[in-house]
Each structure stands twice: as C-alpha cells, then as structure tokens.
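Asker: The following block contains a protein sequence and its predicted model.
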Amino acid sequence: MRLYCATKNPGKLREFVAILGGVEPLPNLQDIAPPEETGETFEANAADKAIYYSRFCDEPVFVDDSGLAVDALGGAPGVYSARFAGPHATDDENNRLLLERMHGVENRACRFVCVVALARRGRLISTFRGEVEGKLLNETRGPNGFGYDPLFYYPPFGCSFGETPAERKQEVSHRGKALRELRGYLLETGNR
C-alpha cells in the first residue's frame, strides 16, 4: 500500500518524509485546484482537505492543517496562519504582521497545533493531533524551519525553532507528534 500526502509546502513535505519515510506526494497535485479552507478549526480544515484530495487516487491520502495559536490574540492567527497577512502572504509578511499585533503585549504564551487527517476514496478515516507550547519572541531568530519557527521560543531547548536543527525540532514539534500518531495508527491497523 502506498501512502500519499497532499501538500505543496516543501518544508512540510521534508518533515513528512523524515518522520514517516516512504511518503509520496499525491500524483498530479500541481494540477489539482486546492479546496477552499472554510473550517473554523484545524480538525475541520484537515478533514475537509483530506476527503477532497482522497478522491483523486485509490490509496490513502493524508493532509495536515497546522498553525500558531497566540493566547493574547484569542488563538489567532490559528487556522489563518498561512494567510494571516493575506491570501498569498510570505512567511516574512506573516511574521511581521504578528509582531506588529503583539507589539507591547506582555503575555507571549502560544502553541503550535497540527491536525493530520487520513482519508481514502472520499471518506475520512481518522485525525491525529499534536501541540507544542512555547512563547512568542519579539524578533525572528534563526535560519532553520519555516513559517513562524523563527518567532517560536521553546523553553526546554532555550532557543527558537528557527535556531533548532530539523531532527531535534521534529522530536517535540506539533507536526512530529501528529505524524507519529498517524504512523502508530498505520502500524496498528496493518496499513503500513
């Protein structure tokens, strides 16, 4: 059995392959129009995307929906993390807007959240959730990772995810936790 993922994000794809091994991008993904993300939760968006993409092949497909939830912003950017500064925003633009919104705010508590949804032939099989707690920095630090990694300070490491080597980050990251849950499920059910 093959396992496909539906992501055009090269950073996510690297993490998927590093944690799960023989994952392949969904064939012809570049030709498939992405679905609208209308869910109000990570679970809803991940499930909708997985069901949608799973209709384009016969094998299982997984999709993740993830982002940063900042306590002082009521959980924002949340499900809008990738498009916080606009529909085609870059990581730098999203980070700048977040820093602007958090200027002078004392409460810096935040968490990364990831929900991985697994579907096959238009039917949701299961979802897997991972979270990691941290603090929002006042400026970006480190060249590693992607998205909000350079702003996410992880106290046990004493540095940002942007300063953390990929392998070490994956041991504790939200996406790493969700993907390891998916891997355990696949092994337990004999699908991998």
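Answerer: Good, I have the coordinates.
Asker: Identify the residues contacting the residue sitting furthest away from the middle of the chain.
Answerer: Computed with Cα atoms, centre = their mean, the maximum C-alpha offset from the centroid of the chain is found at residue 104, amounting to 27.6 Å. If a contact means Cβ atoms under 8 Å, 6 or more residues apart in numbering, then residue 104 has no contacts. Bear in mind the C-beta positions are built from the backbone N, C-alpha and C, glycine included.
Asker: Distance-wise, check residue 168 relative to residue 156.
Answerer: 11 Å (Cβ to Cβ, to the nearest Å).
Asker: out of these two, which sits in the more crowded spot?
Answerer: residue 168 (14 against 9; other Cβ atoms under 10 Å).
Asker: could you pull out the helices for the protein?
Answerer: Assignment of helices within the chain using DSSP state H yields the ranges 10-20, 42-54, 91-101, 166-172, 174-188.
Asker: Can you add distance to residue 34 and mean pLDDT and give those helices back as JSON lines?
Answerer: Putting the helices of the chain into JSON lines (distance: least, Cβ to Cβ, whole Å; pLDDT from 0 to 100) gives the following:
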{"stretch": "helix 10-20", "distance to residue 34": "14", "mean pLDDT": "87"}
{"stretch": "helix 42-54", "distance to residue 34": "8", "mean pLDDT": "97"}
{"stretch": "helix 91-101", "distance to residue 34": "18", "mean pLDDT": "97"}
{"stretch": "helix 166-172", "distance to residue 34": "25", "mean pLDDT": "93"}
{"stretch": "helix 174-188", "distance to residue 34": "19", "mean pLDDT": "94"}
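Asker: for these, which one sits closest to residue 75?
Answerer: Residue 75 lies closest, by Cβ to Cβ, to one member of the helices of the chain: helix 42-54, at 10.5 Å.
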